[in-house]
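*Asks:* structure, please.
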Amino acid sequence: MDYCCLFEKRGGGSKAMKLNVTILVLQGRLDEARQMLSKEADTSPTSAGMCRIMGELMRTMPILSPGNTQTLTELELKWQHWHEECERYLQDCTFASNPHLESLCKIMLGDEAALLEQKELLSNWYHFLVTRLLYSNPTVKPIDLQYYAQSSLDLFLGGESSPEPLDNILMAAFEFDIHQVIKECSIALSNWWFVAHLTDLLDHCKLLQSHNL
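*Replies:* Okay, the predicted model is just below:
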C-alpha cells in the first residue's frame, strides 16, 4: 500500500503524523512511533502530557530480544505488569480527551475492536494476527498458533469474503500440516517449482517419512 497517497487523502500534516504513528504501532515499531509522537507533542501543547505518558508506555513495553538473559517467565511477568499499567491508564480516562492516543492505548492492549478499526492499515488477516498476538499474547506457544490464526482470519474477513488460496496454505502451515501445505501449493501455484523444491527440502530434513506422497 502507498501510505504517502493515503496520507494525502486523509488530510494535512497533523493527520498524516497521527496516521503514521498508528501504522508504526500496528507494526510493533514502538521506538519509531515514540519519536514521531514527540513531534506530535511539540505541535500540540495541550496533548504534550498525554503524549509523554504514551511515549513512556511505548518505551517500557517488555520485548524478548536476542542476547537478553531474562527467562520467558520473567518476560511474561514484566509484560503482564506493563499490560495492567496500560489498562489502568485507559480505565482512568487518561487519554479520553485525545481519541488518537486512546485508540493507540487500546491497540497496545490488543483490543480486537480497536485493531479491526484499523483494518485498512492492517491490509490482511495475518498482519492482524501478528499485531494481535504482539499486544495480547507475545509468548504464544507454537501449538496454539492455529487457533489464533483461524480466529484472526474469521474476524478479519467477517464473513464478507472467502479465504484466498494463500490463506489456505498459511492455515495449513500454522497447523503444522506439511502434507496439506504441499497439497494446497500444488492446487494454488501456477507451476511446480516451489512445490518440488519444498518437498525435496522437507525430504532431506526427514520430515516426510510419515507421509505417503
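
*Asks:* my guess is residue 187 meets residue 172, correct?
*Replies:* No - using Cβ atoms under 8 Å as the test, residue 187 is too far from residue 172 to be in contact (11.1 Å). (Glycine included, C-beta is placed from N, CA and C.)

*Asks:* looking at those two, which is more packed in?
*Replies:* Using other Cβ atoms under 10 Å as the criterion, residue 187 and residue 172 rank with residue 172 on top: 19 against 11.

*Asks:* okay, stretch 165-179 in CSV with CA atoms only?
*Replies:* In CSV, the C-alpha atoms belonging to stretch 165-179 read as follows (Å, rounded to 0.1, in the frame of the first residue of the first chain):
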residue,chain,number,x,y,z
PRO,A,165,-5.6,-19.9,-1.9
LEU,A,166,-2.7,-18.3,0.0
ASP,A,167,-4.9,-18.2,3.2
ASN,A,168,-5.4,-22.0,2.9
ILE,A,169,-1.6,-22.5,2.5
LEU,A,170,-0.9,-20.4,5.5
MET,A,171,-3.6,-22.0,7.7
ALA,A,172,-2.1,-25.5,6.9
ALA,A,173,1.3,-24.2,7.8
PHE,A,174,0.0,-22.8,11.1
GLU,A,175,-1.4,-26.3,11.8
PHE,A,176,2.0,-27.8,11.0
ASP,A,177,0.3,-30.0,8.4
ILE,A,178,3.1,-30.5,5.9
HIS,A,179,1.1,-32.7,3.6
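
*Asks:* pLDDT on that stretch, on average?
*Replies:* For stretch 165-179, mean pLDDT rounds to 93.

*Asks:* in that stretch, what counts as buried?
*Replies:* Using 16 or more other Cβ atoms under 10 Å as the test for burial, stretch 165-179 gives 167, 168, 169, 170, 171, 172, 173, 174, 175, 178.

*Asks:* ok, residue 49 to residue 101 distance?
*Replies:* Distance, residue 49 to residue 101, by Cβ to Cβ, to the nearest Å: 10 Å.

*Asks:* more neighbours: those two, which one.
*Replies:* residue 101 (23 against 11).

*Asks:* which element is that one on?
*Replies:* Residue 101 belongs to helix 99-108 when assigned by DSSP states H and E.
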